[in-house]
Each structure stands twice: as structure tokens, then as C-alpha cells.
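J.: Quick one, structure for this:
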Amino acid sequence: MTAGECEQEYLMLKDVRIDLNRDGVFGEEGFAGFSLCLWIYLSSSAWPSSVILRQVSSEIEGEVPFLALNEQNKLILFPLMFLHSEASFAGSTFPWSDIHHITSESECPLERWVHVGCKATADYICLYLNGELSDNMPLSSSSDDHNLDNFKKVALAGSSGNDGKLQGYVYNASMLSLSASIKDDFAKNPPVKLSLNGSCTSDALEVGNDGVWSIVGGKASCRRNFSLDVVLSDAVGQFVHKDMEITASLVYADNGAPVEKTQDNSFAPLLVGFEGLEYPSTERPISVYLGHATFKLKLSQLSSKSDNRLFSICFRASQTKCYPFFEARSPPIRCISRSRCIRPVVIGKRQASASPICDRTQLPGINDRFQETHEKIGIGHAEIVSHRKQANGLSSKRPKISPDKSSKQVDANANIAQEEKAFKMNSEARSNNLDGSDNCPSDSESIDARNSEVKCIGESIDPMSDMVIFRYCLEGTYERSLLLKEIIKSSSNEELVTFADQICLYSGCLHHRYLILISKKLVQEGNDTWNSICRNGNRALWITATVELNKRFMSISRSTTHGLSEKDLEVLRGIAGCGEELGLENFNAMWQWLYPVAVALSDVQINGMWECTSPKWIEGFITVEEAEKSLKCPRGIQKPGTFVLRFPTSRSWPHPDAGSLVVTYIGADLTIHHKLISIDHSKESGAESLQNLLLKEPELSQLGRVVR
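T.: This is a model prediction of the structure:
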């Protein structure tokens, strides 16, 4: 199959064949030159020192490398046989130390699409990576007419992969004239790839230090609902609006084999929620809309029933061939039962061995911090006194529930350490208690039951009822947002304060308070912003919405010079999951992330750090991948202590960590670490707390700066 036939198609590397004797390659005066452009996807099994494209000819026996990987996984390009005097000979193998070649500046990433451009004339060769010139070399040409005749019989063929070293795919291989722009070809019609959006993982997931997800599953009365977002994007990072259906399945993490339904379990291993009902995940694909497909999932198969093996959720495009780039997998999952996670609580007694829930009466200075928070958002002292009397009167009437997992969940893309000692105690006690009994209310309600209950509560919702408080503590971020929106419709400031206190008390997480207390302003500001952006209440153009978004952001954050940059807006667009048009659902997703960030930046000294450009303390809105990339340099990793401050894109209102900062830094072990730093809304300013936390880190005792 030639390059012309494989255009716009995905080919296995071993099936690629490109003839060099094509129109435009030879002119009236002989060889004119050519540019070869192609997208390459190399699997994780690709070894260094592997040939990607080889030169083959009927005039010689054996093969000559053309494009290969060196021992550092960098691309190397060789001269052409019969054309260049410096060309290699047939049968040349690694390490190719005696052969002329050019090398790319950076490594070739695996399991990602990479655009490669190769330009060749009689006098030089050039290598391009993702549209940018990486290396070039002057060469001497062969003037022998016999050699030029032989060169016309040369073709480039993909690696056969018979040695098991290299498996890959090629997309849109094309021969261009020398005058054509390789950079333009890079931007034109890039290939697409499925990936898991880590920022959308549910707070029902708990991530361990080893990166393994822990999810409550098993019998129907114990399963927890969690959501995962799969995105379809092209190789340059833009969401692809394409009709496609995605199917989820549960597989074993070690070998990818499907997890089968056991005889003692009538349910499929993985269940998907769709329009209020639950189906076996393999029978109900989810359609991609605006580049996103959101799955609401439950696990029924426990790891303990499968020899304690780890699972993984595999997402595949159901309407295409089985390509690895149309497949995305979650990190390893350990599915556990609720009875192994919850410690029974003795009501009416407080013992040293009881469940370690953070009681606000035991935390030093908590009342002062509550009052400080109330004053910040405009809630009066009389309401504080009133709500404390109510809280004290109710504290003995309601049993405590299990600690809130979302307050201790680490960043989905990294291992974020715990800052609060009480939260760390909760996490340790919960992981150590493997034999405790389940005294906690069930979370087995179906999706339609959940929605109908919220609807039936309506305007008469009582924020102080046991059902509402327990449900808020147990539900995920999305369900909490729906519940809060109903509560603030009919609740006074005093009732909202009381509700916030109860949630902090019974969830064991103080960070819920501030996010609950800003709910009214968040919703009001969001409605005003949307009405000003979208006149007809339906949709708005993104390009026109950005002006109002920047205006509102600067007003809320009290920023005078540092507004939203083009890069910030692109990150917001990714969070919204929209294209050229912005819908109300997209706006809400984006606003619930942006508003807590803007409120955090309104702190006097945090605002000073945001406004400061020399040094640049906060790197704006960047993803975890961009933060990690900024800590790398051409020679490897930056020195220990180098750090970047960023807002995690995985924390949206009313998640208790929304608006917090993450410090991404190089540790003493020369690896990249991530630490979540919750902004303290107390008398001590957030900036001072942040600097103290940074200085307490041994690796950050000598701070460096990143030049991005």
C-alpha cells in the first residue's frame, strides 16, 4: 500500500510502503528533493534502538535504516542510499556509531501521536518534530547516473516488528514538494485519540500513595456511584466533535483480560447509569458530545472475590477497528466493600478508639476561625450565636457518619500529601480498619431515585433534616451541587451557617464550610454572568463570552493588572468542555471551578502573589501535564526545590478543596511531586499559610524558580 492510498487512514507500521520515485521528486536536472510528513504512534512496547522506517531496494540485499529510535528514545534520520555518499550500507545495525545521522532534540513520546517531517535534497537532510526543525546536516551527493537510476527504485517501508521490539501506527503519510510547509502539514487534519480526563474523576474515588484507586463496590446496598469523563481530542489538544460511541468494560489491570461475572453475583462486573436505569456497561455505549463522554459507573465485582487482583476500566470506541489510540484505561482499581472501610461508632460516648472524626470543639481556635469566615462573607454575629446554640442542641441527637472521603482525596494526576493532621488520622484509621462492620446508611439508590428525591424536596427542603445532612456527606460533588442549589433557594443566612456547621461536624472536614457559605454568591454571580453573556438564555459564542468572563474574574478576584490570559481561557474552555459555542451546562461546569479560584485570589496577600510578575509566583491556569513539563529542561530535570504553583483543574465547587493551590516541585529524589495546599480562610492570611507550608517541606527549603 502506497502513501497515496493510506492518506486519511490509520495503518499499522508494518504495512506502510512509500515509493520515493514520485512526481516532483525528480526534475529536469535530476533529483530535486522531497519532504515526507507522517504522524507516528508508537506503542509502549517500543524499545530504544529500533528501526521505524527502513530503506529497501531490489538492487541490494538487506535493509538500510531511514528513521529510527536511538538508545535515548530520540528520533534519528539517516542519509539516503544511492543518493548521498555518507549513506549507510545494507545490514547496518545498532549502535550505528559509524553512520552519519541527525538526532531530534527531545525524546519521542510513546503512546502519543507525533508528527515527523523529513526533508531531503542532494545536499542536506532535515528532521522536523511536531512542525519545528529539530536538526539538519549538510551532505555530499553521488554524481553517478547509475546510482541515481538505482535511487529511483528505493522505497521506505515500515518496520515489520518481527523481532517484537516495535509496534506502531502511521496516519496520513504524504510526500510534499520542497516548497511546502511542514509546519502547515502539522496543523492540518491531525489524528485523534481517546483519553481519560483526570480532572473529572469523582470524589467517590480515593487515590492511594501507590496511585491505586479504591472504590466501594460489591452488593447493591454498598456500591458507590462514580463518574469518569472520556475525551476525544486531536494530537494538538483540541476536542473533536465527532459522532462516536464509547463502551466501558472491566478488565484485569495486569493483563487486560475481561473480568467475568461470577456465579454468586447476578450483576455484571461493571454497571453504567443511563436515563435513571442501570445496565451492564458493555451493553450500553455512551455517545461522544462536544468531545466528551461522561460515564456514571458502579462496580459489583470485589477484588477480594478475584484473588485480590486489581481491576481497570477500559474505554473503547465501538465503531472503529481495535486501535490502541481509540482505547483509554483508568489507573489500577481496588474494589472494596463498605464493611471494610467504616469503623462502627458508639453513640453517646467518646473514646480514644472511636472513629477519628474531626470534632470542631476539639480543634484549637475553631470558633474564632468560624467567626472570621462569617465576617468575610457578610454573616452577622447574631446569626453566629444563634446557629451555635442550635448546633449544640442537635449535636447529641444525630449519630456521626463516616469521614468524608473527598476531603482526603489526592490529585487524580499525582500523589498529593495531606496537610491537616486530623484528616491524615482519618485516612490511616480508615485504611487500617479492614474488619469493621457496616453501620452506615446505604448508598444503593439508583440515579433516577436520587433525582426524583431532589425534585420532590423542591422548595420545602429542610437543610437541618437528618436525611439532607447525611445525603450531602455521602454524595459526590455533582449531587452536592444540586442539593446546595435547592437549599439556598429557601434558606436564610443563619440556616446556611447552621447547615455548614453540621456538615463540618459530621463529615469531619472543615473545608466544606467556606464552599457552602459562598454558595449563594456563587449562584447569583453565575446567573448574572450568564445573563450578560447570553442574551437569549440558550447559547453564546465563546469568543464573545471571554470578554465578560475576564471582566467578572478581575472584579471578584480584585485583580487590577492580571486578568485571564489566552492560555487561561483555553484551560477554562477545556474545563467547560465546549467548542466555539458555550452552553449553559458548559458554563456551569466552568463557573463552579472559576469562582472559588477568583474568591481565593481576592485575599490581600494571595492577590499580591497573583499580581506579582517578578518573580512569577502563580503560573496562571495550567494543567498538571504542563506543570510537569515546565519542570523539565533539555538536559533532564530541574534542580531540587524548583516549583510551580497552580490551581488543580480537578477541584470544582462544592468540592472542599475547590480554590486550593497545588505546589508541583522537584524533590530531593529528583522526581516530580504534587502537594495540595488548602487556603486557610482564617485570621492568618492565606499567603502566609502558604509560604509557611512551603518552607516546612524539606525539599523546598531552598526555593528555586522555573523559567517557562
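
J.: low pLDDT regions in the stretch 301-450 of the chain?
T.: Applying pLDDT under 70 to the stretch 301-450 of the chain picks out residues 338-450.

J.: if I look at the closest residue to D19 other than its chain neighbours, how far off is D23?
T.: Nearest non-adjacent residue to D19, counting by CB to CB, 6 or more residues apart in numbering: A155, 4.9 Å away. To be clear about C-beta, it is placed using only N, CA and C from the backbone, and glycine gets the same treatment. From A155 across to D23, the span is 15 Å (CB to CB, to the nearest Å).

J.: Which one's more surrounded, the two?
T.: Neighbour comparison, A155 and D23: the larger count goes to A155, with 18 against 7 (by other CB atoms under 10 Å).

J.: can you give me the strands in the stretch 1-150 of the chain?
T.: Using DSSP state E, counting those that start in this stretch, the strands found in the stretch 1-150 of the chain span residues 10-12, 17-19, 26-27, 30-31, 34-42, 51-56, 64-69, 74-77, 102-107, 113-120, 124-129, 132-138.

J.: E278 is nearest to which of those strands?
T.: Among the strands of the stretch 1-150 of the chain, the nearest to E278 by CB to CB is strand 10-12 (34.3 Å).

J.: which strands and helices sit next to that closest one?
T.: Judged by 3 or more CB pairs under 8 Å, 6 or more residues apart in numbering; DSSP states H and E, strand 10-12 is in contact with strand 168-176.

J.: chain center to the strand it packs on: distance?
T.: In this view, strand 168-176 has its centroid 28 Å away from the chain centroid, taken as CA atoms, centre = their mean, to the nearest Å.

J.: Residues contacting it, please?
T.: For strand 168-176, contacts defined as CB atoms under 8 Å, 6 or more residues apart in numbering pick out 3, 6-13, 16, 18, 22, 24-25, 34-43, 46, 52, 113, 158-159, 182, 185, 189, 191, 323-325.

J.: What separation is there between V64 and N588?
T.: In terms of CB to CB, V64 sits 58 Å off from N588.

J.: Quick check on these two: which one has the bigger neighbour count.
T.: V64 (23 against 18).

J.: Can I get the strands of the stretch 1-150 of the chain in CSV including distance to V571 and mean pLDDT?
T.: What follows is the strands of the stretch 1-150 of the chain, written out as CSV (distance: least, CB to CB, whole Å; pLDDT from 0 to 100):
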stretch, distance to V571, mean pLDDT
strand 10-12, 30, 87
strand 17-19, 39, 88
strand 26-27, 48, 74
strand 30-31, 47, 75
strand 34-42, 25, 91
strand 51-56, 34, 88
strand 64-69, 32, 88
strand 74-77, 30, 91
strand 102-107, 23, 89
strand 113-120, 21, 93
strand 124-129, 25, 94
strand 132-138, 23, 92
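
J.: so how far is L80 from the nearest residue to V662 once chain neighbours are set aside?
T.: Using CB to CB, 6+ apart and skipping the chain neighbours, the partner closest in space to V662 is P648 (4.8 Å). Distance of P648 to L80, given as CB to CB: 49 Å.

J.: what's the burial count for S492?
T.: By other CB under 10 Å, 12 other residues sit near S492.

J.: same deal with T282?
T.: When neighbours are counted by other CB under 10 Å, T282 comes out with 17.

J.: now N136
T.: For N136, using other CB under 10 Å, the count is 14.

J.: Tell me which stretches of the stretch 501-650 of the chain form strands.
T.: With strands called from DSSP E, counting those that start in this stretch, the stretch 501-650 of the chain shows them at 539-541, 581-583, 632-633, 636-637, 643-646.

J.: from these, which stretch is densest packed?
T.: strand 643-646 (a mean of 24; mean count of other CB atoms under 10 Å).

J.: tell me the mean pLDDT for the longest helix along the chain?
T.: Using DSSP state H to assign secondary structure, the helix with the most residues in the chain is helix 584-601. For helix 584-601, mean pLDDT rounds to 91.

J.: That helix packs against which elements?
T.: Applying 3+ CB pairs under 8 Å, 6+ apart, one finds that helix 584-601 contacts helix 519-533, helix 542-557, helix 566-576, helix 604-611.

J.: Would you pull up how far the last one lies from the middle of the chain?
T.: Read it as helix 604-611. Counting by CA atoms, centre = their mean, helix 604-611 comes out at 27 Å from the chain centroid.

J.: Same question for stretch 648-656.
T.: From the chain centre to the centre of stretch 648-656 is a distance of 13 Å (CA atoms, centre = their mean).

J.: quick one on the thing from earlier: what is the burial count for the residue nearest to V662?
T.: If you count neighbours by other CB under 10 Å, P648 ends up with 28.

J.: wait, it sits on F621?
T.: No. Counting by CB atoms under 8 Å, P648 does not reach F621; the two are 10.3 Å apart.

J.: just to revisit the earlier point, nearest to D98, of the strands of the stretch 501-650 of the chain?
T.: strand 636-637 (27.6 Å).

J.: what about that closest one, average pLDDT?
T.: Here the average pLDDT along strand 636-637 is 69.

J.: Can you name the residues that contact the closest residue in space to S233 that isn't next to it in sequence?
T.: Using CB to CB, 6+ apart and skipping residues adjacent in sequence, the residue nearest S233 is F239, 5.4 Å away. Neighbouring residues of F239 by CB under 8 Å, 6+ apart: V231, L232, S233, L290, G291, H292, G574, G577, G579.

J.: which one of these is nearest Q502?
T.: Q502 lies nearest to G577 out of the contacts of F239, by CB to CB, at 33.4 Å.

J.: where does the closest one land on pLDDT?
T.: 83.

J.: cool, and S682?
T.: As predicted, S682 sits at a pLDDT of 49.

J.: Look at the residue nearest to I637 when sequence neighbours are not counted and say how many residues are nearby.
T.: Closest residue to I637 apart from its sequence neighbours, by CB to CB, 6+ apart: L670 at 5.5 Å. L670 has 11 neighbours, counted by other CB under 10 Å.

J.: Repeat that for K521.
T.: Applying other CB under 10 Å, we find 15 residues neighbouring K521.

J.: what does L67 give?
T.: Look at L67: counted by other CB under 10 Å, it has 23 neighbours.

J.: when you give positions from now on, start the count at 571
T.: Sure thing, new numbering starts at 571, so read that last one as L637.

J.: how much space between the nearest residue to it once chain neighbours are set aside and L590?
T.: Of all residues not flanking L637 in the chain, L623 sits nearest, at 4.1 Å (CB to CB, 6+ apart). Separation of L623 from L590 (CB to CB): 11 Å.

J.: between these two, what contacts are shared?
T.: Taking CB under 8 Å, 6+ apart as the contact rule, L623 and L590 both touch L726.

J.: So for the two, which residue has more residues nearby?
T.: Taking other CB under 10 Å, L623 and L590 do not tie; L623 has more neighbours (27 against 23).

J.: So the more buried one is in contact with E633, correct?
T.: No. L623 lies out of contact with E633 (CB under 8 Å); the separation is 10.2 Å.

J.: where in the stretch 621-770 of the chain is pLDDT low?
T.: In the predicted model of the stretch 621-770 of the chain, residues 660-665, 667, 713, 730-736, 768-770 satisfy pLDDT under 70.
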